[in-house]
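>>> with the sequence up front, the predicted model follows.
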Amino acid sequence: MSFNQNLDQLYRSVIMDHYKNPRNKGSLEDGSVTIDMNNPTCGDRIHLTLNVVDGIVQDAKFDGEGCSISMSSASMMTQIVKGKKVDEALELANIFSKMMLGEDFDTDKYDLGDVEALQGVAKFPARIKCATLAWKAMEKGVNEGQ
Amino acid sequence: MIKDIKKFFPVLNQEVNGYPLVYLDSAATSQKPIQVLQAMKNYYELDNSNVHRGVHTLGNRATDSYEGAREKVRKFINAASTKEIIFTRGTTTSLNTVAAGYARQNLKEGDEIVITYMEHHSNIIPWQQVAKEKGAVLKYIDLEADGTISLETVRNTITPNTKIVSLMMVSNVLGSINPVKEIAKIAHENGAIMVVDAAQAAPHMRIDVQDLDCDFLAFSGHKMCAPTGIGVLYGKQAILENMEPVEFGGEMIDFVGLQESTWKELPWKFEGGTPIIAGAIGLGAAIDFLEEIGLDNIEAHEHALAAYAMDQMETIDGLAIYGPRDANKRCGLVTFNLDDVHPHDVATVLDMNGIAVRAGHHCAQPLMKWLNVTATARASFYMYNDEADIDTLVAGLRSAKEYFNDVF
C-alpha cells in the first residue's frame, strides 16, 4: 500500500528497535538529577535520572509511558548523552531541536548514530512533541546538574 | 435526509494524504454546514453592529438576531424563559461560571460537591478550585465495571451535606448516557443542586431541562455544527436571580456610581462586555439545521452507527473497546485500543489513510487512571458519517495492525 512508504519515513526499523528494546531503561539509584516531565496534550510521561559529575553526564536512565516515537527518542537520547560533557549534551539537544524543525544543523561535529533515524518525524508535525519530550527533560536536567 | 447530508459540509469534500477524508473526530469538534457559515457571513456583510445600545437600524437588526438566537436556544432545550439562557464562550466557561458564581457564594466549610470518575477536566478542576477555597469536600461517584453509573452508588455517595452534584450527560470517552434525571431527583432529595455538563449530549439528543429538572446545564456550540467560541449556560431563573455575576463591565450594568453599581436583569447581568454576536447567530442557525433534520433522527442514526462500528471493530483481533457494549446505552462514539500499539501510533497510521480520530487522554485523566490506561484512541460520529466511513476505519485499523506486526 502506498501509505506504507510515508509511514516508513516515520517508523524506521531502528526506531521500532529502540521502542521494543529500550536502552538505559530504569532509574539511577545514585543519580544526581531527577526530572519528571509530561506532555499534557497527550499524557506521555518521562522520568529521567542523570548522573552529572565534574561537568560530564556519567550516566542516564529513563522510565516512562508513551508512544513509539517518544519512548524510542528517550532511549536514543540516553544512549548518546552518556559520557558527553554538559555543553556537548546541551548542543546535542539544540541539534535535535533543529532536526525536528527541519532546519539545517552541523552534521560533522557529532556522530548522531541512531538519532538520525528520527529525522523523519519532522514531516509529521503532530508527532514532533512526542520526539522532543526526552530531550527537553535532558536539557533541564543537565542545566540543573551543572 | 441524513443520506445526502455530506453535501452541506464543504470541509468533508477533500482528500487528506491522498485519500478521501473520513472525519471521525466530531466529539472534539463538529464540522460546520454551509447554512451556519452563511448565517454568520450575512451578519458580517449586512448587519454587523453592536447589540443593545445603538439607536440605529443596524444595531436593531444585530440585537434582533442575537436575541432571536437566544429564543432558539430556549426552545431547543425547552427552558421556561429566555432569562434562563446565558451565552458564554463554551461549556468550560459555563461550568466555571457556576463554580465561581453559585458555588463560591453558597458553599461553606464541610459542604460536599459530588462528581464522577468519568468527568472531563472542565467538570473537575473548577470544583477542585472552589472546594480548596471554601474548605468543601470533592467526592467522586464510583463507576460500574462497564463504565456506567449505578443509582445505588449515587444514593450512597450523595448525603445531606452535599450541596452540588455535577456530572456529564454523555461521556466523551465511554460514550455512555448517564441517568441525569434520576440523579437530579436524588440530589434534590438531599437538598443539593444538579449541574449537567451536556457538551456531548446537546449535539446528539433531545434535551428538556424542565423534564430533567436540572438547576444548571452547560453546552458548547462548536460540537453541534456552530462555530467555536459560543456556548450556553442554562440556569433556573430563581437561582440565577440570587446569583451574583462573575464578570463585570459594559453591557451587564443597570446603573454605575463611583463606589457602587447595580446589574441589568436576567440574562444580561451575566453577559459582561460585547457578547459573541456572530457566534450566537451561528448557533441559532445550527439549531435550525439540527431541528430540520430532527434530533430523534440524529440520535437513531448514531445508535445504529455505534452498533455497526462496535460489531465491525470487534472482528479485529486484539482490539479492546471501552464503555458499555450495548449500543442503546451509548452515543455515537467508540473509544478503543489496538493491542500494544500506542494510540498515537494508531492515529498516525489512520491519518495516512485520510482518517481523522482522536488519540490521547481526552481531557479525562482521572478516567484514564480508572480504566488503567495512559491513553486511548477514539472514533466519534455525527449525522454526516455513514457505514462506509466505518468500513474505511476498520480497514485502516487492520492495516495499522498489520503494519505494526511487521515492524515489531
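Sure thing, it's come through.
>>> what residues does the stretch 201-350 of chain B put near chain A?
Listed as neighbours of chain A in the stretch 201-350 of chain B under the rule Cβ under 8 Å from any Cβ of the partner chain: B:342-345, B:348-349. For the C-beta atoms, the positions are set from N, CA and C on the backbone; glycine is no exception.
>>> so residue B:98 touches residue B:194, yeah?
No: Residue B:98 lies out of contact with residue B:194 (Cβ atoms under 8 Å); the separation is 10.9 Å.
>>> between those two, which is the more surrounded one?
Shown here are residue B:98 and residue B:194; by other Cβ atoms under 10 Å in any protein chain shown, residue B:98 has more neighbours (27 against 23).
>>> pipe the residues of the stretch 201-350 of chain B next to chain A into a markdown table and attach pLDDT, secondary structure and neighbour count per row.
Compiled in a markdown table, these are given as follows (pLDDT from 0 to 100; DSSP: H, G, I helix; E, B strand; the rest coil; neighbours: other Cβ atoms under 10 Å in any protein chain shown):
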| residue | pLDDT | secondary structure | neighbour count |
| --- | --- | --- | --- |
| B:342 | 92 | coil | 27 |
| B:343 | 94 | helix | 25 |
| B:344 | 92 | helix | 23 |
| B:345 | 93 | helix | 27 |
| B:348 | 93 | helix | 23 |
| B:349 | 93 | helix | 26 |
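>>> correct me, but residue A:24 touches residue A:81?
No: look at residue A:24 against residue A:81 with Cβ under 8 Å: they stay out of range, at 9.7 Å.
>>> between residue B:98 and residue B:194, which contacts overlap?
Shared contacts of residue B:98 and residue B:194 (Cβ atoms under 8 Å, 6 or more residues apart in numbering or on different chains): B:166, B:216.
>>> ok, the residue nearest to the spatial centre of chain B - contacts?
Centroid check for chain B by Cα atoms, centre = their mean gives residue B:199 as the closest residue, at 1.0 Å. Contact analysis of residue B:199 by Cβ under 8 Å, 6+ apart lists B:91, B:120, B:168, B:172, B:218-220, B:223.
>>> out of those residues, which two sit at the greatest distance?
Farthest apart among those by Cβ to Cβ are B:172 and B:218. That separation is 13.4 Å.
>>> ok, which stretches of chain A are helices?
Using DSSP state H, the helices of chain A run over A:2-10, A:13-20, A:68-81, A:86-100, A:128-145.
>>> and chain A, which residues reach chain B?
Counting by Cβ under 8 Å from any Cβ, chain A sits next to chain B at A:1-4, A:6-7, A:10-11, A:13, A:16, A:20, A:41-45, A:65-69, A:124, A:126-127, A:130.
>>> whichever strand or helix holds residue B:194 pairs with which strands, and in what direction?
Residue B:194 belongs to strand B:193-197 when assigned by DSSP states H and E. Strand B:193-197 sits in its sheet next to strand B:162-168 (parallel), strand B:216-220 (parallel), going by DSSP bridges.
>>> average pLDDT for the shortest one?
Put plainly, it is strand B:216-220. Averaging pLDDT along strand B:216-220 yields 98.
>>> neighbouring contacts of that strand?
So strand B:216-220 is contacted by B:77, B:88, B:90-91, B:94-95, B:98, B:102, B:193-199, B:201-203, B:207, B:209, B:230-236, B:239 (Cβ under 8 Å, 6+ apart).
>>> mean confidence for the helix or strand that it is followed by?
Elements were assigned by DSSP H and E; along the chain past strand B:216-220, the next helix or strand is strand B:231-235. Averaged over strand B:231-235, pLDDT sits at 98.
>>> got the angle for strand B:231-235 vs strand B:216-220?
Put simply, strand B:231-235 runs at 170 degrees to strand B:216-220, going by axes from the mean of the first three to the mean of the last three Cα atoms, to 10 degrees.
>>> any idea how far strand B:231-235 is from the middle of the chain?
11 Å (Cα atoms, centre = their mean, to the nearest Å).
>>> and the helix or strand following it, what's buried?
Next helix or strand after strand B:231-235 toward the C-terminus (DSSP H and E): helix B:237-241. By 16 or more other Cβ atoms under 10 Å in any protein chain shown, the buried positions in helix B:237-241 come out as B:239-240.
>>> surely residue B:140 is in a helix?
No: applying DSSP: H, G, I helix; E, B strand; the rest coil, one finds residue B:140 to be strand, outside a helix.
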